[in-house]
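**Student:** okay, here's the prediction I keep looking at, along with the sequence it came from:
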Amino acid sequence: MSVELQERPDSKTETEEALTDGFHLLIDALKKNDLNTIYGVPGIPITDFGRLAQANGMRVLSFRHEQHAGNAAAIAGYLTKKPGLCLTVSAPGFLNGLTALSNATTNCFPMILLSGSSEREIVDLQQGDYEEMDQLAIAKPLCKAAFRVLHAEDIGIAVARAIRAAVSGRPGGVYLDLPAKLFGQTMTAAAGEASLLKVVDPAPAQLPSNDSVMRALDLLKSAKKPLIILGKGAAYAQCDELVKTFVEKSGVPFLPMSMAKGLLPDNHAQSASAARSLVLKESDVVVMLGARLNWLLSHGKGKSWGEPGSKKFIQIDIDPREMDSNVEIAAPVVGDIESCLSVMCDQMGTTWTTPASEWLNAVYAKRDGNVAKMSQRVGADTSPMDYHSALGALREIIAARPDAILVNEGANTLDFARSIINMSKPRKRIDVGTWGIMGIGMGAAVAAAVETGLPVLAVEGDSAFGFSGMEIETICRYNLPVCVVVFNNNGIYRGTDVNPTGHSDVAPTVFVKDSRYELMMQAFGGVGVYATSRDQLSKAVNEAMDSGKPTLINAIIDENAGTESGRIGNLNPQSVVKK
Ligand code: ADP
Ligand code: MG
């Protein structure tokens with residue numbers, strides 16, 4: 001249902017008033033709020049919208065599948081604190097984008113999914129319209145807020161509501177339903193302009209109560225073995241200096257969650273990353289800073305957390321309902337992290353007593369021992385490469401290029417990279433997030449490159465890469481400085497499983513042996529490299545990062561090296577019945 005509209009319908013004759021329409025109102029509403037980049041896939045009924053958005057100065061990046069456009073929008077939101085925009089066609093395109101919208105919401109990333117939809121009257125009577133689907137109803141339970149716009153004069157308000165819903169409080173995903181008919185609706189340009197607004201203070205500061213701050217500081221002061229856990233909410237908040245001040249003033253060891261790595265450097269004197277088991281088990285007071293006690297932290301209980309009742313939690317979070325979600329929070333501090341930490345740092349004064357050296361010595365001795373062990377393994381030059389030797393090479397590269405953004409997904413490729421590759425700056429690590437989802441790789445890489453202009457290194461398991469691999473064409477098309485390293489071990493977890501029946505079908509976890517992923521990149525004009533040694537891998541990555549050319553390196557990893565489900569094999573039920 002393409003609407004023939006190549007230019008603003010305001011080329012008026014002398015007697016007519018200038019007009020605008022739904023297309024232009026939406027573009028103007030977004031631009032007015034500094035939302036200038038759209039990630040999407042064109043098609044009915046939003047093809048012309050994409051064209052017009054580009055013609056009117058927006059950056060419009062087309063993908064090969066909506067899920068990756070959506071993942072890009074979500075990461076754009078995470079990196080900028082403005083909602084990332086994803087544009088899709090109706091029903092199937094919408095559903096493809098919805099996975100990303102839902103994932104963004106789960107991860108507290110602000111994004112807006114804008115989807116065209118079919119004619120309301122026909123959809124609601126279920127008369128079988130083109131791509132018929134009640135998209136609003138389907139989106140609602142899967143995101144933070146969902147709105148439908150039926151009249152062009154409501155576009156300004158709808159965009160304002162979508163922005164506020166996405167970025168205020170706990171950030172998340174918002175759905176905007178745009179029926180095809182909306183785009184063609186006209187109104188006078190003057191009334192149209194008057195209907196648009198620039199949102200004032202979209203994510204207002206949320207100050208914590210004084211009582212809550214004093215309660216938290218009293219508890220922290222009483223601790224013998226305190227620990228701070230930094231989450232990606234703290235990275236998102238972009239108050240990096242305050243986080244540093246708080247951690248350093250407190251003198252408390254910190255543990256970063258995956259995407260909070262680099263908020264303080266991994267080689268910081270107070271880092272407890274390499275003593276994770278010890279600090280989780282032994283600590284008595286734990287400060288959760290923009291992190292949730294979900295499955296990634298064993299829900300704050302169980303064996304890894306030591307004796308039941310041995311911990312008290314302080315939680316600093318913007319969402320009051322996060323408190324007591326899994327275990328009792330003795331000192332909830334509700335507010336945005338910047339406001340919370342500025343009050344807390346003020347109240348700590350200049351004479352805050354840091355933790356007893358007994359605790360600190362125990363933590364740092366354990367850490368230093370583990371770091372030394374790890375250094376040995378990652379220094380090795382094995383043939384074929386294993387995870388340690390290949391990631392050891394990448395670790396040196398990231399250490400030398402601290403501004404580069406690391407995208408990481410896979411099972412073993414994820415788990416090993418998380419512990420081997422140190423980060424030294426905030427928001428430089430983007431990974432599978434709260435769901436442990438596969439398929440974020442190329443979407444995240446595109447957004448990281450587009451939003452920051454910095455080089456991106458995407459470290460991908462061969463299985464993980466497959467979910468978004470076609471987007472390397474997108475990377476080549478926009479000539480983005482993305483270097484993808486595929487850790488090719490011929491399969492999921494390992495490449496060695498066999499079909500016990502003797503049938504010619506391979507085992508369900510096994511791929512084509514020795515696949516030539518690098519040739520895919522060459523097919524689109526990028527650089528493809530086949531690397532079997534640590535030196536080849538280092539050389540190729542450094543060249544890619546220097547040149548900024550789209551590159552894919554097929555890194556051949558020992559097919560025996562992985563373990564089932566990486567480090568979360570315990571979540572994968574296994575049959576005890578033989579046969
Ligand atoms: P991680 O996976 O790193 O532990 P989560 O995504 O589980 O991090 O948790 C992030 C938490 O941060 C969420 O509970 C969210 O409400 C909170 N959050 C996000 N932004 C802010 C902010 N600006 N201020 C305070 N809390 C925030
Ligand atoms: Mg694999």
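**Tutor:** Everything's here; your move. Ligands and ions are numbered 1, 2, ... in the order given.

**Student:** residue in this protein nearest to ligand 1?
**Tutor:** Gly233 (1.9 Å; C-beta to the nearest ligand atom). From N, CA and C alone the C-beta is placed, and that goes for glycine too.

**Student:** how about that residue, what does it touch?
**Tutor:** Going by C-beta atoms under 8 Å, 6 or more residues apart in numbering, Gly233 touches 108, 289-291, 317-318, 337.

**Student:** tell me the two of those residues that are most distant?
**Tutor:** By the measure C-beta to C-beta, Cys108 and Leu289 form the most distant pair in these, at 13.7 Å.

**Student:** buried residues in stretch 506-525?
**Tutor:** Of all the residues in stretch 506-525, those buried under the rule 16 or more other C-beta atoms under 10 Å are 506, 509-511, 517-518, 520-521, 524.

**Student:** how far off centre is it?
**Tutor:** 26 Å (C-alpha atoms, centre = their mean, to the nearest Å).

**Student:** spell out which parts of the chain neighbour ligand 1.
**Tutor:** For the chain, the residues in contact with ligand 1 (C-beta under 6 Å from any ligand atom) are 107-108, 170-171, 231-233, 236-237, 257, 259-260, 290-292, 294, 296, 317-319, 322, 336-337, 434.

**Student:** out of those residues, which are inside strands?
**Tutor:** Asp317 (DSSP state E).

**Student:** list only buried entries from the residues of the chain next to ligand 1.
**Tutor:** Here, 16+ other C-beta under 10 Å leaves 107-108, 170-171, 231-233, 236-237, 257, 259-260, 290-292, 317-319, 322, 336-337, 434 buried among those.

**Student:** which of the three states applies to Arg377?
**Tutor:** Secondary structure state of Arg377, per DSSP: H, G, I helix; E, B strand; the rest coil, is helix.

**Student:** just give me the neighbour total for the residue nearest to it when sequence neighbours are not counted.
**Tutor:** With sequence-adjacent residues excluded and distances taken as C-beta to C-beta, 6 or more residues apart in numbering, Arg377 is closest to His388, at 4.4 Å. A count of nearby residues for His388, using other C-beta atoms under 10 Å, gives 19.

**Student:** could you look up the SS state of His388?
**Tutor:** Strictly by three-state DSSP, His388 counts as helix.

**Student:** what sits against it?
**Tutor:** 377-378, 380, 382, 416, 420.

**Student:** helix or strand for Ile430, which one?
**Tutor:** strand 429-431 (DSSP states H and E).

**Student:** how far is the following helix or strand past that strand from where the chain is centred?
**Tutor:** For strand 429-431, the succeeding helix or strand toward the C-terminus, using DSSP H and E, is helix 441-452. Computed by C-alpha atoms, centre = their mean, the chain-centroid distance of helix 441-452 equals 10 Å.

**Student:** and stretch 549-566, what's buried?
**Tutor:** 549-559, 561-562, 565-566.

**Student:** ok, now stretch 434-452?
**Tutor:** Buried, per 16+ other C-beta under 10 Å, within stretch 434-452: 434, 436-452.

**Student:** does ligand 2 sit close to it?
**Tutor:** No. Judged by C-beta under 5 Å from the ion, stretch 434-452 stays clear of ligand 2, getting no closer than 11.0 Å.

**Student:** contacting residues for Ala411?
**Tutor:** Ala411 touches 461, 463-464, 492-493, 562, 565-566, counting by C-beta under 8 Å, 6+ apart.

**Student:** err, Ser389, not the other one
**Tutor:** Counting by C-beta under 8 Å, 6+ apart, Ser389 has contacts 378, 380-382, 534.

**Student:** what about the closest residue in space to it that isn't next to it in sequence, distance to Ile557?
**Tutor:** In space, and not counting its chain neighbours, Ser389 is closest to Thr382: 4.6 Å by C-beta to C-beta, 6+ apart. Counting by C-beta to C-beta, to the nearest Å, the separation of Thr382 from Ile557 is 10 Å.

**Student:** ok so, going back, next step: the contacts of Ser389 restricted to helices.
**Tutor:** 378, 534 (DSSP state H).

**Student:** can you redo the contacts of Ser389 as TSV with pLDDT and distance to Pro83?
**Tutor:** Formatted as TSV, those follow (pLDDT from 0 to 100; distance: C-beta to C-beta, whole Å):
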residue	pLDDT	distance to Pro83
Val378	92	39
Ala380	87	45
Asp381	89	46
Thr382	89	45
Arg534	97	41
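
**Student:** with the contacts of Ser389 in mind, which one is nearest to ligand 2?
**Tutor:** Closest approach to ligand 2 among these (C-beta to the ion): Thr382, at 16.9 Å.

**Student:** dump the residue contacts of the residue nearest to Gly443 when sequence neighbours are not counted.
**Tutor:** Leaving aside its chain neighbours, Gly443 sits nearest to Asn71 (3.0 Å; criterion: C-beta to C-beta, 6+ apart). The neighbours of Asn71, taking C-beta under 8 Å, 6+ apart as the test, are 100, 103, 439-440, 443-444, 447, 468.

**Student:** where do the helices sit along the stretch 451-579 of the chain?
**Tutor:** Taking DSSP state H, counting those that start in this stretch, the helices of the stretch 451-579 of the chain run over residues 462-468, 472-477, 517-523, 534-547.

**Student:** now render those helices as CSV, adding distance to ligand 2.
**Tutor:** CSV is the format used below for those (distance: least, C-beta to the ion, whole Å):
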stretch, distance to ligand 2
helix 462-468, 4
helix 472-477, 18
helix 517-523, 11
helix 534-547, 16
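
**Student:** and those helices: which comes nearest Leu61?
**Tutor:** In terms of C-beta to C-beta, the element of these nearest to Leu61 is helix 472-477, at 7.3 Å.

**Student:** kindly reformat the contacts of Gly233 as CSV containing distance to Asp21.
**Tutor:** Shown next, in CSV, are the contacts of Gly233 (distance: C-beta to C-beta, whole Å):
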residue, distance to Asp21
Cys108, 35
Leu289, 47
Gly290, 42
Ala291, 46
Asp317, 43
Ile318, 38
Ile337, 42
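
**Student:** just the residues you listed: which are in helices?
**Tutor:** Using DSSP H, the subset of those located in helices is Ile337.

**Student:** rewinding a little: which helices and strands does the strand holding Ile430 pack with?
**Tutor:** Applying 3 or more C-beta pairs under 8 Å, 6 or more residues apart in numbering; DSSP states H and E, one finds that strand 429-431 makes contact with strand 405-409.

**Student:** hang on, Tyr175 in a helix?
**Tutor:** No. Read with three-state DSSP, Tyr175 is strand and lies in no helix.

**Student:** quick check: the gap between the residue nearest to Ser389 and Gly410.
**Tutor:** Taking C-beta to C-beta, one finds Thr382 at 19 Å from Gly410.

**Student:** more neighbours, these two?
**Tutor:** Gly410 (28 against 17).

**Student:** excluding chain neighbours, what is closest to that one?
**Tutor:** Gly461 (2.4 Å).
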